[in-house]
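> fold the following and give me the result.
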Amino acid sequence: MRSRLLPVLLVVAACGGTATATTTVPGGLSGSIRVSGGIAGIDETWGLASDGMVNGPLGRSGSLTPDQVEELADAVVDAGFFDLDPEYLPEDRCCDRFTYELTITQGGRTHTVTTIDAADAPDGLFALIGSWLDAMRGSVG
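Residues are numbered from 1 along each chain as shown. Reported below is the predicted structural model:
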């Protein structure tokens, strides 16, 4: 993993001189992933706010550590996410496969990519989807 400095914003109160550290995520990383389909017909959406807070289906919520967010930011770069096509979908979408719609905002750019299990898509995209889902689902314990 590449070494990065995680920006830290120090807020100093005008009265009393108390300092509070608030961590922001690298490059303002935020986004969502929607997973739908499969034999059970699931439909779940997970969101990541720029402060690391996670909102999931059924009102579940949690948060990612700055290190976890940095790992996701690295995975976005490794996948070349912002250079990917908007969709990787075969003509035949049958057979109870999951559909993934991943939207990421970082550094003022937003991009959405949609794919389906076993599609002819870059391996990096599926690795990113796996990293994103593992982080989101793991954040709610």
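> spell out the secondary structure type for residue 40.
Of the three states, residue 40 takes coil under DSSP: H, G, I helix; E, B strand; the rest coil.
> residue contacts, it?
For residue 40, the contact set (Cβ atoms under 8 Å, 6 or more residues apart in numbering) is empty. C-beta: built from backbone N, CA, C; applies to glycine.
> how near is it to residue 97?
Residue 40 sits at a distance of 12 Å from residue 97 (criterion: Cβ to Cβ, to the nearest Å).
> repeat for residue 55
As judged by Cβ to Cβ, residue 55 and residue 97 stand 25 Å apart.
> next one: residue 46
19 Å.
> neighbour-wise, which of those two wins?
residue 46 (23 against 17; other Cβ atoms under 10 Å).
> using the three-state scheme, assign the closest residue to residue 139 other than its chain neighbours.
Closest residue to residue 139 apart from its sequence neighbours, by Cβ to Cβ, 6 or more residues apart in numbering: residue 62 at 3.5 Å. Under three-state DSSP, residue 62 falls in the strand class.
> and residue 62, bridged to which residues?
With beta bridges defined as DSSP bridges, residue 62 has these partners: residue 54.
> the chain: helices as residue ranges?
66-79, 123-139 (DSSP state H).
> quick one: find the helix or strand in this protein with the lowest mean pLDDT.
When the helices and strands of the chain are compared on mean pLDDT, DSSP states H and E, strand 8-12 comes out lowest with a mean of 25.
> contacting residues for the nearest residue to residue 90 once chain neighbours are set aside?
Sequence neighbours aside, residue 119 is the residue nearest to residue 90 in space, at 5.6 Å (criterion: Cβ to Cβ, 6+ apart). Listed by Cβ under 8 Å, 6+ apart, the contact set of residue 119 reads 88-90.
> make it 10 Å
Remark: with contacts taken as Cβ atoms under 10 Å, 6 or more residues apart in numbering, residue 119 is in contact with 87-90, 93, 97, 99-100, 125-126.
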